[in-house]
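Enquirer: Quick one, what's the 3D model for this:
(6 chains, ligands or ions: 2)
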Amino acid sequence: MKRILPHPLLALVLLIAWLLLVGSISPGAVLLGCLLAIGGALALASLAPPRLRLRRLALLPGLLRDVLVEVVRSNNAVARIILQPAAKTVRHSGFVRIPLDMRAPYGLAALACILTATPGTVWVDYDAADGTMLLHVLDLSDEAEWVRIVKERWERRLMEIFE
Amino acid sequence: MELVVALAIGILAGSGVWLLLRPRTFQVIIGLALLSYAVNLFIFSTGGLRTGADAILRQGAAGTLADFADPVPQALVLTAIVIGFATTALLLVVLLAARGLTGTDHVDGREREQ
Amino acid sequence: MTAWADHLLVAPIVVPMMAGAAMVLAGNARPSLLAGLGLVSTVLLLVLSATLLVLADAPEVRIYRLGNWPASFGIVLALDRLSAIMVALTSVLGFAAFVFSLARWHRAGTHFHPLFQFQLMGLNGAFLTGDLFNLFVFFEVMLAASYGMTLHGSGVARVRAGLHYIVINLLASLLFLIGVSVVYGIAGTLNMADLAARMQAVAAEDRALLEAGLAVLGIAFLVKAAAWPLGFWLQGTYAAASAPAAAALSILSKVGIYAVLRVWLLLFGTGAGASAGFGTLPLTLIGLLTIAFGSVAVLASQNLARLAGASVLISSGTLLAAIGMNRAAVTGGALLYLMGSVLAIGALFLLVELVERGRDIGADVLAVTREAFGAGEDEEDGEPGERDAVGVPIPATVATLGGSFLACALLIAGLPPLSGFLAKFAILAPLFTPGGGLPSALAWVVMAALILSGLATAIAMMRTGIDAFWASPAGTPQRVSVLEFMPVALLLTLCVALTVAAGPALDYATAAANALYAPADYLRPVLKAAEAAR
Amino acid sequence: MSAVLLGWAVLMAQFLLAAATGCVAVRLLRGPRAQDRVLALDTLYLIAAMLLLVFGIRTGSPHYFEAALLIALLGFVSTAALAKFLMRGEVIE
Amino acid sequence: MPETALLLILVALPFAGSLVAGLLPTHARNAAAALAGGIALTSLLLVWMAYPSVSAGGVLRADIAWMPALGLNLTLRMDGFAWLFAGLVTGIGALVVLYARYYMAEEDPVPRIFAFLLAFMGAMTGVVISGNLVQLAFFWELTSLFSFLLIGYWHHTTTAREGARMALTVTATGGLALFAGMLVLGHIVGSYEVDAVLEAGNRIREHPLYLPALVFILLGALTKSAQFPFHFWLPNAMAAPTPVSAYLHSATLVKAGVFLLARFWPVMAGTEAWFLIVGTIGLVTMLLGAYVAIFQNDLKGLLAYSTISHLGLITLLLGLNSELALVAAVFHILNHAAFKASLFMAAGIIDHETGTRDIRRLSGLNRAMPFTARLALVAAAAMAGVPLLNGFISKEMFFAEALSADAPLGLANILPFVAMLGSAFSVAYSLRFIHGAFFGPDPVDLPRAPHEPAAWMRFPVEILVLTCLGVGVLPAATIGPFLDLAVRSVLGDDVPDYNLSVWHGLNLPLLMSVVALAGGAALYLSLQRLLRSEIEGEPLIRRLEGKRIFERTMVFLSWRLARRLEAVAGTRRLQPQLRLIVAAAFLAGGAVVWFRGFGPGNLPPSPIDPVLASVWVVGGACALGAATIAKFHRLAALILVGGAGLIVCITFVWFSAPDLALTQLTVEVVTTVLLLLGLRWLPKRVQVPGERGPEVITRARRLRDLALAAGAGGGMAALSYAVMTRTPPDLLAQDFLARAYTEGGGTNVVNVTLVDFRGFDTLGEIFVVAAVALATYALLRRFRPAPDSLVPPAQQLDQHAAEPVEAEGGTRPVADWLLVPFTLTRLLFPVMALVAVFLLLRGHDLPGGGFPAGMVVAIAVILQYMIGGTAWTEEHLAWLRPRVWIGAGLLLAAGTGLAALAFGKPFLTTYFAYVVLPVIGKVPVASALIFDIGVFALVVGATLLMLVALAHQSVRGRRATSRVLTKPSRAVRAPVAAGED
Amino acid sequence: MTYATELPAWAALLISLLLLLGSGLAFIGAIGLLRLKNFYERVHAPTLGATLGMGCVLMASMLFFTLLQSRLVIHELLIAALVVVTTPVTLMLLTRAALYRDRIEGNDTVPPPPTGKHQ
Ligand code: NA
Ligand code: NA
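Expert: Ligands and ions are numbered 1, 2, ... in the order given. Predicted structure coming up:
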C-alpha cells in the first residue's frame, strides 16, 4: 500500500486540487484525478518529504477560524498604521527572538504560514540548533507579549496537531 | 487604446535598442529581452486590439472575426516567445563563456583601449 | 491520398529531423552509432536532393500541403528549380562536411551530430517552405544549430566570435519578425504565393506601409547575407568556426540571398502593380559596396580563414548586385555563380584547416610583412646563378593540398579554367548582350566590380598560397587523413563537373531564374490548391 | 442596476489596483536596496494576479483564471530566486 | 583525320599529357621527358597534317557546344596565321623538351616541370586556335596560370616566388582586362565568334565603344608582351629554369600579346588611337629594352631585356597601320623566336657548364666550348641584324617601314632615327653577349671547369641556328610560303607586295643597317669601362627599377591601403555593427515611408482604457529604468525587466490572448532564474562615487545612441500605430476561426493553429529549443570561469551555514534557515506537476498547451534545485534525465507527423475522433494532443538541460575552489556580489 | 458588463464590496510599501493584499462565476492556498537576505546572529 500510495493524505489533497482545477466531478475527472494524485504522491515520495501525521484533527477548524479572525484583525491594524499621518509615529518595529519547543517540520511550516499570513509579523529565521525563531514585528510594543502570543496561541495548538 | 500600445512598444523598443548598443554583455542581453517584448507586442498588435473578445470557441460553433481576436498573430507571438526564450538562454551561456575565457564582460571580449 | 512521390518534398526536412532526434535519444555514449546515423541521413539526403533536382525540372512548381490543409491557409512546401538547387547544394555540402568531421571534429565536443542534422533540417526547410513565417522558423532552426556548430569546440576565438554572431542574428531575427507581422497586418496572409497574388490589390494608402515592412524584412535578409555594412560579423565567425562548421556555414550566408531572391522576385515582380521593381537599385548598390568591401577585406586578410570569409562577402555581393540588375538572364548567371561559389568556398573552408594544421600560428602575418618590407631582396643581389637551385620534391600530401588550393583560388577568383570564370561570364554576358543597345552605366560598374574583385581575390590567394605551399620549408608534411581529403576532392570534382557541364547547368539555372521572373507558374499551383479547398 | 453597480465597482477596483501598481513601481525604481526591489516585484506579481481576477469579472470570461493561478504558483519562484541570490550570491548551489 | 578531331586532339593532348606527367614518380625523368617530347612531336605532326588544307586557303574548324545559351562554345579555328603559330608553339616546344631533359639536374623532380610545360603548351595552342573571343580569354588566362607555375618551379628560392607572383599579377590583370575587352567587342560585333569579328572591321572601328574595347584588349596584349610600362615582370621571370625561359621568351608567352595584336589588326588597327597607343608604346619599349639590355651583367637578364626590346619592335610595326609593317612584324615574330630560343639555350649551356651567368666573371669560353661559341655567335648576330641571317631581313623591312611611315604628330620624322638607335643598342648588347662570354682571356675562378655540353643538349640549338641561317640566306625558299600563308590569312586579299630577298640593292634601309652596326660596335667599345665597373644596372634610369616600383605599389595597394580601407569601412566590434543594423532598418523603413508617404489609418482608434494606460505607465517606467541602470545595478535591471514582462503579460490578457499570457509568464520566470544563474559569473561592476563624468567623445557617442534608440522606438511605435488603425485585410484568420472546431477538433483556436494548422511552425520551433539546449550544454561542458569568479560569493564565505547541520535522523540536506521553505516547496512539487498536466490536457480546447505545461514542470524542478541544492535534488530526482525527455519529445512530435503518412495523408495531418469509454464517457482523441505531449516533453527536457547545466557550474566551481582555497579568508573575498544598490 | 445583468442585486452589491475591499487593501499595502521607513517595516505591507485583499477578490470571483455559470466555481481556493503557502517562503528568504546584508554592513539596528554561530 505504501509503495503504491506513499502519502495518502497528500494524494487526497492533490485529488481535490485536480477536481477544483477541472471544475467537475464526473467519473472521468475523478478517475483521472485519482491516477494523477497517485502519480503526484509517487513523485513527491521521490523527494522524501517528512511524514505527515495529523494527530488531533478536531483542533484544526478552531485553529483555522482563529487564524482567519487574526488575519482580519491584523489587516485592520496594519492598514491603520500605514494610513496614519507620518507625524503620529510613536510605534516602533523590531525583531523578537522566540524559543520554540516544536520540532515537527510541518508544524514549523504551518507556524511560518500563519505568522506570515497575519500582517504585521514576518517569520525571518529559524535556528535548528537552539530551536529559536526570529520574528519581525511591525508594531512592537512588548516583546514578551509577542513571545506569549506565538507560543500560546499558535505553537501549542500546532504541536498538538502535528506532534 | 492603439496609441497606448504603440507608445508601449516604442518605449520598450527604444530602451531595448539603447541597451543593445551598450558595451557590456549583460546590458545587451537585457536589451534584447526588452526588444523582444516590444516585438512580441508588435506582432500581437498587427492583429488588432480586442478587449473582451472571446478567446475560446463555443463547442460546435465556427467563430468569426466579429467575436474573436485574430488567432494568427497570437500563434506567431507564441512561436516568437519560445524562440526568443531559447536564444536568450543560449546568449546568456555564450556571454558567460566569453566572460570566463576572456576575463571581461565587454561585448568584444576585450576592453576597449582608450 | 497523397502519392508517395509527393512526400519526397518533405523528406529532406524529415530525414535529418528524425536522425537528429534519434541521436539525442542515443546520447553521446555510442559515437559509432551516431556517426552511422549521420551517414545514413546525409547519404539519403544526397539521393533525395538529386531526385528533387529532376522532379523540379518541370513547368510547374510542386506543392506539398502540410497537415493536409489547403495552401494559403496551412503551410505548404513548394519545390521549384531554385529550391531544388539550394537543397542539392545543402546536401552536397552537408555530406562533405559530415565526412570531414568524422576524422576528428565530431569528437571535439558533445552534441555535434544532432546539431549538424538540425542544421541541415533548418536549411532544407528554409529552402522548401512557401510560407513567410515558416521561413522565419526554419531560419531559426538553422541558426540555432549553427550557433552550436560555430561554438563547437569552444575556445576564446569561437566564443568571442560566437557572441557577436548570436547577438547580431538575434537582432536580425527580430527585424524579420517585425517585417513579417507588418506584411500579415497589411496583406492578411503569410503564404508567399498568396501574398504575391494579393500585392496588386493592396490599397494605395497601405502600400507604403507594406513596403516599409518588406524593407525591414530585406534588412534582415541582408544581415544574413552579410551585405555591407551589415555583415562584418561574417569573417570573424567563419574564421573562428571549426572547419566542418564553417564549410556548412558557406551555404548559410546564401540563405539570405535565397530569401531575397524568393521574396523579392515573388513580391516585386511584374505582377506587383505599383510596387514592381521595388528596391532593385539599392540592392545592386549594396551588392557593389559589398563586393568592394569584400575585395578590400580579402586583401587585408591576415590568415587563410579570414580570407575565405572575405571571399564569402565578395560572393554575397556579387549575387546581390546581379539580382539587383533585375533581369532573368543575369539572375540565371548568378545562380550558376552561386552553385560554384558555395561548393568552392565550402571546399576552401575545409582546406583551410588542413593547410593551417601544423603551421605556425602567425605564419600568415609573417608572410605579409615579409612582402611588405621587401625581405629577401638580399638573395637577388648576390650572384645570379641558378645551378644551386634544384627543385624541391613536394610530398604527395602537400601537392594534393596545393592543387586543391589552386583550384579553389581559381574558382573563387573567377579565373579560367574552372566554373568561377564561366559563372562571371554568365552574369556579365547578358549585361553586354551581343548586338544589343549600349550597356547601362550600372552594367559597366558591375563588370568592373566583378573583374576587380576577382583580381583582388587572385592576388590575396596567390600571396597566401605561395606562402603556404611554396615558401614554407617542406619539413614535416601535414598529416591529412583520406577521410578529410575526400570531401574536398568531392566538392572540387563537382566544380569541375559544373565547368564541363556549364551549358546544362546554366540552362537549369536560367530556367530557375525565368520561373522566378514569371511567378505565375509559382502562384498557379499554390492558389489552385487553395481554391480547390474553399 | 446590478450591471451598473458591478461595472462601477470593477472599474474602481481596477483603478485602485492600477494605483497600487504605480506605488509599487516607485519602490521598484527607487529601491533603495535590492531587497526593496525584490519585494516590490513580488507585490507586483500579487497585484497582477488580482488585476487578472478582476478583469475576469469585468469580461465575464473564465479564461483568465489560469493566468492568475500561474502567477500565484510561479511568481514566487522568481522572487525566491532573487532572494536566494541576495542571500547566497548563487541561486542554485 | 577529320578537322574537328585534329583540332581537339591538338588542344587536349598536351593537357592529357600534363596530367599523366604530373602523376609520374618524382625521379622518372626519362619517362617524363619522353612523354613530353612525344606529345610535342605528335602535336607538331598534327599541325603539319593540317598544312594541306590550310595552305589551300581553308580554315579548319571544330565547334562543340559548351554554353550555347550565351554564345560561348568550344570553337577551334585554324587559319594560316594560327597554323604558323601552332607550328611555332609545338616545334619550339619539342626542342625545349629535348633541351630540358639534359639541362635539368639529376635530382630535380622533373616530371613536374614537364607537366607544367605540356599544360602551358596546350594553353598556348588554345590561344592561337581559339575561334571564340571568350574562349580566347579563357586560354589566355591559362597561359598566365601555367607560366606562373613554370616560373615558380624553383619555389624554394625567393626570386622564383617573386618572379612568378609578379608575372601572374601583371599578366592575369591584363587577362581580366582582355576578358572585359572581349565582352565589349562581342557586344559591338554581336557575336563572340572570331569569324564574325574579323568580318566586322568597319562596325568595330566606328562603334562608340571602340575605344574602351581597344584599351581593354591592348591592356591584355601589352601586359602579356611585356610592353612598357608593364615590361618589368619579364626580367624577373628569368628565375625560371632556362628551358622555360627559352620557351616563354621565344615562341610563347610574350608572343601571345603580339599574336593578339596581329590577329585583330585587320579590324582594330587603322585608327589614330591605334597608332598613338600601340605605336608609341612599341617605340618606347623597343628603345628602353635595348638600352637596359646593354647594362645587364646576367646573360639571361640581357636576353630578357632584349626580348622586351624586340617585342617593342614588333609592337611598333603593328602600330604603324601599314600592311607591309604587319608582314614585317609577323616575319620578325618568327625570326625572333628562332634566335632568342637558341640564345637562351646557349646561355643555359654556359650556366650549366660553368656554374655562372655573370658576364663579368665569364670570359674566353670559345676555347673550352668552341662549338657552342659558334652557335651562339651566329644566333647573336641574327639578333644584331647582321646580313645573311634572318634578323637582318626583318630589320631591313622595319627600317623601310620606319622611313615610309605615315605617322601623326611629326613622329614620322624621328622614326628612322629611333629605329637606328634601337638597332645600334641591339648590336651593342649582342656584342656584349658574345664578347663577354666567349672572348678575352681564359676565365678564372669559375664554379665549374667549362667544357662542351652533351651533344643532345646542343642539338636544339643547332636546329635553331640552322634555321636562322637558312632563313637569312634563302628567305623566300624557306620561310616564304609559310609567311605568305600567315599574312594572307590575316590580311585576306589585301596582302601588299613584299620582297623577301637578302639584297634589295643599295638603299636607305641598307645604309641604316650599316650605320646601326657600326654605331652599335662603337657604343659597345666606348662602354667597356663602365660595363666592367661594379656599378649595377644601367646609367640614367637606374633608380627607375620597375620591380621595386611594382613591389611598393602592390604592398601599398594590396596591403597597406586595403588594411586602412578595411579599418575605415568595416569593424570587428559589435557595437558599431549593431548600430549600423538598427540604423539600416530604420532608414530602410523610413525611406520608404518618406518617399511613399503614409499617415495613420482610416479606423478610429478604440477608446483608451485608463487602467491599462496607467499600468503601462508603470511598464514604461520599468523599461526605461532598466535601460538606465543596467550597467551598475544588474540585479535591479533584471527585476525591472521582470516588471515590464509582467505588464506585457497583463496586456495579453487585456486583449483577449490568455494563451500568450500563460506562455509569457512561464518564460518570464524561467528567464529570471536563468539570468540570475548567470549573474554569478559576471565581473563585479561597482560605480565609483567620485568618478569623473564620461569623456566628451563618450558623451557624444551616447547621445548618438540615444537618438538611434529614440528613432527605433519611435519608428516601431509609428509603424504599429499605422498598422493597427488600418482596416484589417481579408484575413486568413477567418479561415482559422471557421475551421478550428469543425476540422481541427479544438475550441482553442490559437492552440489548434499551433498544433495543427501551423503545426509545422511549432515542430520547427521545438527543434530550435532542442538545438539551443544541446548547444548550451555542449558549451557549458567546456566552461571555464574567470579566476575572479572562482571565489565563492562573499555571502557564502561569510555564512558557513551552507554546511549541512547534524540533526536527528542523519544529516539534514539543507541549512536550517531553509528548513521551512524546504518543507513547503517539496509539497509544491506535485501540485505544480498537477497544474502542468492540467494545462497540457486542456490546451486544445482551453488556454494552456504543451509549452506552458512543460515550463511549469521545469520550474517545479528548478525550485527543488534552488531550495534543496544540486546534490540533494539530483539524488532524489535521478529519474529526470533531460536528454531523454528531449529526444523522446522530438521523436514523439515528429513521429506523430510521420504517422499520417501511413494513412496516405501528408506529413502532420491530424486525426481527431471521440471515443466512448465505459464509466468515463465520451473522450476526445486527437493526434494533436500527442503532438502537444511531444512539445511538452521537449520543453521539460530542454529547459532543465540548460538550467541544470548552468547550475552545475557552481558545483564545479566549488570543487575547483576547494582545491585552491582550503581555508577561505577575508583576504580572498570577492567584493560583495550584489553591490547593486 | 452585459453578463452582469442577470446577477441578483444582493450578489452584485456583495461582489462590489468584496472587490473594493480587496483592491483597497492591496492599494493600502502598496502605499505602505511606499511610505514605511525601512525594509523590515515595508515587508509587512504587501501582506495586506496577499491575505485579506486577495481573499476578498477571490471570494468575489467565486461568487460571480458561481452565479454566472449556475454551478459551483471554487477553483479560486487553489490560488488562496498557493498564496498562503508561497508568501512565507518569499518573505522569509527575502527578510533573511536583508538581515544578512545589514549585518555584513555593520548595521547595528538588526539583531546579531544567534549565539554559537559564525557570523
Ligand atoms: Na505577516
Ligand atoms: Na495553447
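Enquirer: can you give me the strands for chain E?
Expert: Counting by DSSP state E, chain E forms strands over residues E:60-67, E:72-78, E:806-807, E:810-811, E:912-917, E:921-926, given from the N-terminal end onward.
Enquirer: For chain F, which of the ones you listed is the nearest?
Expert: Go through those one by one with C-beta to the nearest C-beta and the one that ends up closest to chain F is strand E:806-807, at 13.6 Å. The C-beta positions use only the backbone N, C-alpha and C, and glycine is treated the same way.
Enquirer: Would you map out the domains in chain A?
Expert: Chain A breaks down by automatic domain parsing into domains covering A:8-47, A:57-162.
Enquirer: Format those domains as TSV; extra columns: mean neighbour count.
Expert: TSV is the format used below for the domains of chain A (neighbours: other C-beta atoms under 10 Å in any protein chain shown):
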stretch	mean neighbour count
domain A:8-47	18
domain A:57-162	18
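Enquirer: sorry, back to before: make JSON lines out of the strands of chain E and add distance to chain B.
Expert: As requested, those are exported to JSON lines (distance: least, C-beta to the nearest C-beta, whole Å):
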{"stretch": "strand E:60-67", "distance to chain B": "44"}
{"stretch": "strand E:72-78", "distance to chain B": "47"}
{"stretch": "strand E:806-807", "distance to chain B": "36"}
{"stretch": "strand E:810-811", "distance to chain B": "32"}
{"stretch": "strand E:912-917", "distance to chain B": "12"}
{"stretch": "strand E:921-926", "distance to chain B": "11"}
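Enquirer: Of these, give the one that comes closest to ligand 1.
Expert: Across the strands of chain E, the minimum distance to ligand 1, taken as C-beta to the ion, is reached by strand E:806-807, at 27.3 Å.
Enquirer: quick check: mean pLDDT across that closest one?
Expert: Predicted confidence along strand E:806-807 averages 42 (mean pLDDT).
Enquirer: before we move on, the earlier item: just say which of the strands of chain E is most tucked in.
Expert: Per-residue neighbour counts averaged over each of those give the maximum for strand E:72-78, namely a mean of 23 (mean count of other C-beta atoms under 10 Å in any protein chain shown).
Enquirer: And the helices in chain D?
Expert: Under the criterion DSSP state H, helices of chain D are mapped to D:2-30, D:34-59, D:65-88.
Enquirer: Spatially nearest residue to E:E162 (excluding sequence neighbours)?
Expert: E:N236 (6.5 Å; C-beta to C-beta, 6 or more residues apart in numbering or on different chains).
Enquirer: and ligand 2, which of the helices of chain D is closest to it?
Expert: When these are compared by C-beta to the ion, helix D:65-88 sits nearest ligand 2, at 10.4 Å.
Enquirer: follow-up on the earlier one: okay, the domains of chain A in TSV with distance to E:L13 and mean pLDDT next?
Expert: Listed next are the domains of chain A as TSV, based on distance: least, C-beta to C-beta, whole Å; pLDDT from 0 to 100:
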stretch	distance to E:L13	mean pLDDT
domain A:8-47	80	91
domain A:57-162	94	89
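Enquirer: looking at those, which is closest to E:V292?
Expert: Closest approach to E:V292 among the domains of chain A (C-beta to C-beta): domain A:8-47, 93.0 Å.
Enquirer: hmm, back to that, Serialize the strands of chain E to a markdown table and add fields for distance to ligand 1.
Expert: Below are those laid out as a markdown table (distance: least, C-beta to the ion, whole Å):
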| stretch | distance to ligand 1 |
| --- | --- |
| strand E:60-67 | 85 |
| strand E:72-78 | 87 |
| strand E:806-807 | 27 |
| strand E:810-811 | 32 |
| strand E:912-917 | 48 |
| strand E:921-926 | 45 |
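Enquirer: so which of those strands gets nearest C:A201?
Expert: Using C-beta to C-beta, the nearest of the strands of chain E to C:A201 is strand E:912-917, at 34.7 Å.
Enquirer: Show me what the closest one is packed up against.
Expert: Applying 3 or more C-beta pairs under 8 Å, 6 or more residues apart in numbering or on different chains; DSSP states H and E, one finds that strand E:912-917 contacts strand E:921-926.
Enquirer: Please list the outside residues in contact with the strand it packs on.
Expert: Taking C-beta atoms under 8 Å, 6 or more residues apart in numbering or on different chains as the criterion, the residues outside strand E:921-926 that touch it are A:26-28, E:745-746, E:844, E:910-917.
Enquirer: do the lengthiest helix in chain C and chain B meet?
Expert: Ranked by residue count and defined by DSSP H, the top helix of chain C is helix C:156-187. Yes: Helix C:156-187 comes into contact with chain B when judged by C-beta under 8 Å from any C-beta of the partner chain, the residues involved being C:156, C:159-160, C:162-164, C:166-167, C:170-171, C:173-174, C:177-178, C:180-182, C:184-185.
Enquirer: Distance to C:V482 for the strands of chain E - can I get that in a markdown table?
Expert: Listed next are these as a markdown table, based on distance: least, C-beta to C-beta, whole Å:
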| stretch | distance to C:V482 |
| --- | --- |
| strand E:60-67 | 33 |
| strand E:72-78 | 34 |
| strand E:806-807 | 63 |
| strand E:810-811 | 57 |
| strand E:912-917 | 53 |
| strand E:921-926 | 52 |
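Enquirer: Indicate which one of those strands is closest to ligand 2.
Expert: strand E:921-926 (12.9 Å).
Enquirer: Relative to the whole chain's centre, how far out is that closest one?
Expert: Here the centre of mass of C-alpha atoms in strand E:921-926, compared against the chain's by C-alpha atoms, centre = their mean, to the nearest Å, lies 63 Å away.
Enquirer: and the angle for that strand with strand E:912-917?
Expert: 150 degrees (axes from the mean of the first three to the mean of the last three C-alpha atoms, to 10 degrees).
Enquirer: Alpha carbons only: can I get strand E:921-926 in CSV?
Expert: Listed in CSV are the C-alpha atoms of strand E:921-926, where the atom choice follows Å, rounded to 0.1, in the frame of the first residue of the first chain:
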residue,chain,number,x,y,z
GLY,E,921,-18.0,8.5,-21.3
LYS,E,922,-17.1,10.4,-24.5
VAL,E,923,-13.4,11.3,-24.6
PRO,E,924,-11.8,13.3,-27.4
VAL,E,925,-8.9,11.6,-29.0
ALA,E,926,-6.7,13.9,-31.1
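Enquirer: residues in contact with the closest residue to chain B within the stretch 251-400 of chain E?
Expert: Of all residues in the stretch 251-400 of chain E, E:L253 sits closest to chain B, with a separation of 49.1 Å (C-beta to the nearest C-beta). The neighbourhood of E:L253, defined by C-beta under 8 Å, 6+ apart, consists of E:120, E:124, E:143, E:147, E:171, E:224, E:247.
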